[in-house]
Structure formats: C-alpha cells, structure tokens
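**Q** Sequence unavailable; structure follows:
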C-alpha cells in the first residue's frame, strides 16, 4: 500500500492573524480634536499658569500629547512656555 502524503492547508490559506499587519492603514480613526486649536481656545503663554498646570503632572513633568490630545504644533508651544515659566519661577 502506498502511503499518501498529507497536503498542508496552511500553504493555501492565511489565518486571520496573518492578515493583520502593522503596515496596513488603520481603518478606525477617532474624532478627537486638539483642545487648543478650536476657536474659543485660550492662548498658550508662559504667563497663563492655570492653563499650563492642566498640562503638567503632579510631579511637574509635561504630559505627552497622546494623553492630552494636543496637536504637535501646540504641544511644542506648551512645552516651551512651561519651560519658560519654570525658569521665571512661576511654576
């Protein structure tokens, strides 16, 4: 009796896990907008201490933009004004 070879089903088919790739574009986009880019947003300034404290942790560190949902341009302005306020001992 000749022995039959088993054919692999994996060669012809892809599993669901293999279809997911880190290089595929994200289908789900969240509608989060920057709180400092809207019309009635306060201006980012080193003198506005109340605003700056919202974007700092309890330890005095600057919170990242992924947590605060601030756009990249405003995040740079925030970090610069926080550093200026630290140097002037306002914070």
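**A** The structure has been received and is ready for your questions. None of the values given here were measured: they were computed from a predicted structure. Residues are numbered from 1 along each chain as shown.

**Q** Am I right that residue 73 sits in a strand?
**A** No. Applying DSSP: H, G, I helix; E, B strand; the rest coil, one finds residue 73 to be helix, outside a strand.

**Q** mind checking which helix or strand of the chain has the lowest mean pLDDT?
**A** helix 16-19 (a mean of 60; mean pLDDT, DSSP states H and E).

**Q** What is the subsequent helix or strand relative to that one?
**A** helix 49-54 (DSSP states H and E).

**Q** Show me what that next one is in contact with.
**A** Contact partners of helix 49-54, identified using C-beta atoms under 8 Å, 6 or more residues apart in numbering, comprise 42, 44, 45, 46, 78, 81, 82, 85, 90, 91. For glycine as for every other residue, the C-beta is placed from the backbone atoms N, C-alpha and C.

**Q** So which of those residues wins on neighbours?
**A** residue 82 (24 neighbours; other C-beta atoms under 10 Å).

**Q** And it, how far from residue 89?
**A** 13 Å (C-beta to C-beta, to the nearest Å).

**Q** swap in residue 56?
**A** Taking C-beta to C-beta, one finds residue 56 at 15 Å from residue 89.
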